[in-house]
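**Q** Sharing a sequence plus its predicted fold:
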Amino acid sequence: MRDIVLAAALLASSAAIAQTPPTRPVLQKPAALSLEQQDIRAQLAPRNYTTLAAEIGAKVSRITVKPGQAFKAGQMLVSLDCSLQNAQRARAQAELEGAQKTHAVNKRLQELDAVGKLEYATSEQSTLKARAELDFANATLAKCKISAPFSGRVAEQKAREQQFVQPGQPLLEILDDSSLDLDFIVPSKWLAWLKAGQSFKVAIDENGQSYPARITRLGARIDPVSQSVTVAAVIDGHFPELIAGMSGRVLLAPPAR
């Protein structure tokens, strides 16, 4: 009888243990790194960059540079086929010469009182109108050749030779990589020791090298949520191996106390 009671007690205890859910370990989230503990990242950006676009509708006659190729300020990069615009200029020139001759004759006749004031004024206005038409034709022809606004390199070619382009259509993306900028974010309390003109280094990911840099200006506003501020800097020197778009780690830290 005693053995039966013990066996029943053991069965009940085993059932209770089986019904009790296993305890799960409590996972604690890792503490978020503060901005000071994180790597300060920055990306190299060109000082000047723009997209050259067609200002008139015409066929692309020639593109003198290729992607990645360097150019000088004022160098012609794209020329458009402007045979129609040349013909319009020639017509405007001929109309101006005819209007000038008519006006010269009327002026002489007016001195002799042989022509009316209205006819003389009309010939004068015709001359002014023809000159304006010629100026317009010259301004249009000037848009047939697109020159570089600054020295730099071609980032991307958007059009091809013999392609007809519309006004406003992109032709080339160009950038000036003679001076590379970089922007990054630091804790706002760093403003107590961070100054414009301060030197530091930046480690570039693409080649594993470190380069000198210099702070050019500090942000004008602090982000109230992250308590951070933007810093603008420039690579201090010219390094041909560096190109826009490279990124790296800013080697900058508060001074030791």
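**A** Ah, there it is. Residues are numbered from 1 along each chain as shown.
**Q** now the strands: where do they sit in the stretch 151-257 of the chain?
**A** Ranges of strands in the stretch 151-257 of the chain, per DSSP state E, counting those that start in this stretch, are 152-157, 164-165, 170-187, 199-204, 210-218, 228-235, 247-251.
**Q** between these, which one is nearest to Ser126?
**A** When the strands of the stretch 151-257 of the chain are compared by Cβ to Cβ, strand 164-165 sits nearest Ser126, at 35.3 Å. All C-beta spots, glycine's among them, are computed from the backbone N, C-alpha and C.
**Q** hmm, who's touching that closest one?
**A** With contact meaning Cβ atoms under 8 Å, 6 or more residues apart in numbering, strand 164-165 is reached by 54, 57-60, 80, 159, 171.
**Q** in its sheet, what does that strand sit against?
**A** Strands that pair with strand 164-165, judged by DSSP bridges, come out as strand 58-63 (antiparallel).
**Q** got the contact list for the helix or strand that the partner strand is followed by?
**A** Where DSSP states H and E defines the elements, the next helix or strand beyond strand 58-63 is strand 70-71. Here strand 70-71 makes contact (Cβ under 8 Å, 6+ apart) with 65, 77, 148, 151-154, 174.
**Q** Quick one: mean pLDDT over strand 70-71.
**A** The average pLDDT for strand 70-71 rounds to 94.
**Q** Just want the angle from the following helix or strand past that strand to strand 152-157.
**A** Counting by DSSP H and E, the element after strand 70-71 in chain order, helix or strand, is strand 76-81. Angle between the axes of strand 76-81 and strand 152-157 is 50 degrees (criterion: axes from the mean of the first three to the mean of the last three Cα atoms, to 10 degrees).
**Q** that older thread, format the strands of the stretch 151-257 of the chain as a markdown table; extra columns: mean pLDDT, mean neighbour count and distance to Ala92.
**A** Shown next, in a markdown table, are those (pLDDT from 0 to 100; neighbours: other Cβ atoms under 10 Å; distance: least, Cβ to Cβ, whole Å):
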| stretch | mean pLDDT | mean neighbour count | distance to Ala92 |
| --- | --- | --- | --- |
| strand 152-157 | 94 | 18 | 34 |
| strand 164-165 | 95 | 17 | 24 |
| strand 170-187 | 93 | 19 | 27 |
| strand 199-204 | 95 | 17 | 56 |
| strand 210-218 | 95 | 16 | 49 |
| strand 228-235 | 94 | 19 | 48 |
| strand 247-251 | 94 | 18 | 53 |
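**Q** between the contacts of strand 70-71, which is closest to Ser228?
**A** Nearest to Ser228 among the contacts of strand 70-71, counting by Cβ to Cβ, is Gly152 at 31.8 Å.
**Q** how does the protein divide into domains?
**A** Domain ranges of the chain: 41-80+146-251, 83-143, per automatic domain parsing.
**Q** can you tell me which of these the model trusts least?
**A** Lowest mean pLDDT of those: domain 83-143, a mean of 89.
**Q** circling back: to Gln88, which of the strands of the stretch 151-257 of the chain lies closest?
**A** strand 164-165 (17.9 Å).
**Q** which residues in the stretch 1-150 of the chain form helices?
**A** Taking DSSP state H, counting those that start in this stretch as the test, the helices found in the stretch 1-150 of the chain are 2-19, 83-111, 117-142.
**Q** that older thread, for the contacts of strand 164-165, which one is nearest Ala192?
**A** Leu171 (48.4 Å).
**Q** Lys145 is in contact with the closest one, correct?
**A** No - the criterion here is Cβ atoms under 8 Å, and Leu171 misses it with Lys145 at 12.0 Å.
**Q** what's the closest non-adjacent residue to the residue sitting nearest the centre point of the chain?
**A** In the chain, the C-alpha nearest the mean C-alpha coordinate belongs to Tyr49, at 4.7 Å (Cα atoms, centre = their mean). In space, and not counting its chain neighbours, Tyr49 is closest to Leu175: 3.9 Å by Cβ to Cβ, 6 or more residues apart in numbering.
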